[in-house]
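[1] Return atomic coordinates for the entry below.
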Amino acid sequence: MMNNFLLGALALLLTVQVQACAEKNGDVAKDAETKNARILVFSKTTGFRHESIPHGKAALLKLGKEHQVQVDTTENAAYFIADSLRHYQAVVFLNTTKDVLNPQQQTAFETYIRRGGGFAGIHAAADTEYDWPWYAKLVGAQFESHPEIQQAAVDVVDKNHPATQGLPDRWERRDEWYNFKNLNPEVKVLATLDEKTFEGGKHGEHHPIAWYHTYEGGRAFYTALGHTNESYREPLFLQHMWGGIRYAMGK
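    As a prediction, the model looks like this:
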């Protein structure tokens, strides 16, 4: 009986020591939801280059650290091969513009999404790859035009999503407000612009500005917010952006 007791106590002690060692070495994440999570932030441009890109990268690296998500940043399209993409729960297009992937890289990204990968597009992600119809449907729309940067009111129409939970019903902020073409009717709109609160809107009563949808086996989130440097220091915008990325990750 005493031997059995000693063996049981020894086993318990070893279990505690192994658990403590794992925690010390980072094998046990404090947040189980994001354990081993990893995202790729892609910011290649071949058209207009946003001054805010370094600010966006820095913000996402900080958010990743806070949420225990590894964030890799690159402007190298060579990452878009199967052996690389399979490591990521989501790929973020951060203010990309125009043609950023060659046909082989496009095919690899399509396969990644069809295998359950995630996509998050920030602002100029809609000003990207105009000759790739598959991407246009993934991101949800294509950029058409914008007025000057100005204050406007964003109406949050769906607050049951990680990207909008905790946002005010009416969110007033300053940014560059996109008008779109080729809107994908399958997307689920999260927020709209009130065109009565700014000049230059072209959509009338229904001006979508952020949305999400499932697409060919994967998940996609897009927000047209995020032109200005100040956006990436704005707590509500960071909350909105990170919530959309969490959705894209499948969290």
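[2] Now do the same contact list for residue 238.
    For residue 238, the contacting residues are 59, 63, 232, by Cβ atoms under 8 Å, 6 or more residues apart in numbering. No exception for glycine: its C-beta is placed from N, CA and C like everyone else's.
[3] ok, residues contacting stretch 153-169?
    By Cβ under 8 Å, 6+ apart, the list of residues contacting stretch 153-169 from outside reads 170-173, 188-194, 197-198, 209-210, 212, 221, 223, 225, 236, 239-241, 243-244, 246-247, 251.
[4] So among these, which ones count as buried?
    171, 189-193, 197-198, 209-210, 212, 221, 223, 225, 239-241, 243-244, 246-247, 251 (16 or more other Cβ atoms under 10 Å).
[5] Give me the residues contacting the helix or strand where residue 219 lies.
    Assigned by DSSP states H and E, residue 219 belongs to strand 218-223. Where contact means Cβ under 8 Å, 6+ apart, the residues beyond strand 218-223 that reach it are 90, 112-123, 125-126, 138-141, 163, 187, 191, 209-214, 240-241, 244-245, 247-248, 250.
[6] could you redo the last one with a cut-off of 7 Å?
    In this structure, residues lying in contact with strand 218-223 by Cβ atoms under 7 Å, 6 or more residues apart in numbering are 113-114, 116-122, 125-126, 138-140, 163, 210-213, 240-241, 244, 247-248, 250.
[7] Helices along the chain, start to end?
    Secondary structure of the chain (DSSP state H): helices located at 2-24, 53-66, 82-85, 103-114, 133-139, 235-249.
[8] Point out the other helices and strands that the third one packs with.
    Counting contacts by 3 or more Cβ pairs under 7 Å, 6 or more residues apart in numbering; DSSP states H and E, helix 82-85 is packed against helix 103-114.
[9] count of residues packed around residue 148?
    The criterion is other Cβ atoms under 10 Å. On that basis, residue 148 has 9 neighbouring residues.
[10] Okay, the closest residue to it other than its chain neighbours and residue 66: tell me how far apart.
    Leaving out its chain neighbours, the residue that sits closest to residue 148 by Cβ to Cβ, 6 or more residues apart in numbering is residue 200, at 7.3 Å. When Cβ to Cβ, to the nearest Å is applied, the distance between residue 200 and residue 66 equals 36 Å.
[11] Residue 111 now?
    Plainly put, residue 111 is 31 Å away from residue 66 if you go by Cβ to Cβ.
[12] was I right about residue 73 contacting residue 59?
    No - counting by Cβ atoms under 7 Å, residue 73 sits too far from residue 59 to count as a contact (11.1 Å).
[13] quick one on the thing from earlier: quick one, which of residue 111 and residue 66 is more surrounded?
    For residue 111 versus residue 66, neighbours defined as other Cβ under 10 Å are more numerous around residue 111 (16 against 11).
[14] show me the contacts for the more buried one.
    By Cβ under 7 Å, 6+ apart, residue 111 lies in contact with residue 82.
[15] With residue 65 instead?
    Contacts were defined as Cβ under 7 Å, 6+ apart; by that measure residue 65 touches no other residue.
[16] measure it to residue 135 for me?
    Counting by Cβ to Cβ, the gap from residue 65 to residue 135 is 30 Å.
[17] Spatially, which residue comes closest to residue 215, not counting chain neighbours?
    If you skip the residues right next to it in sequence, residue 215 has residue 138 as its closest partner in space, 5.4 Å away by Cβ to Cβ, 6+ apart.
[18] Tell me how many other residues crowd that neighbour.
    Neighbourhood size, residue 138 [other Cβ under 10 Å]: 23.
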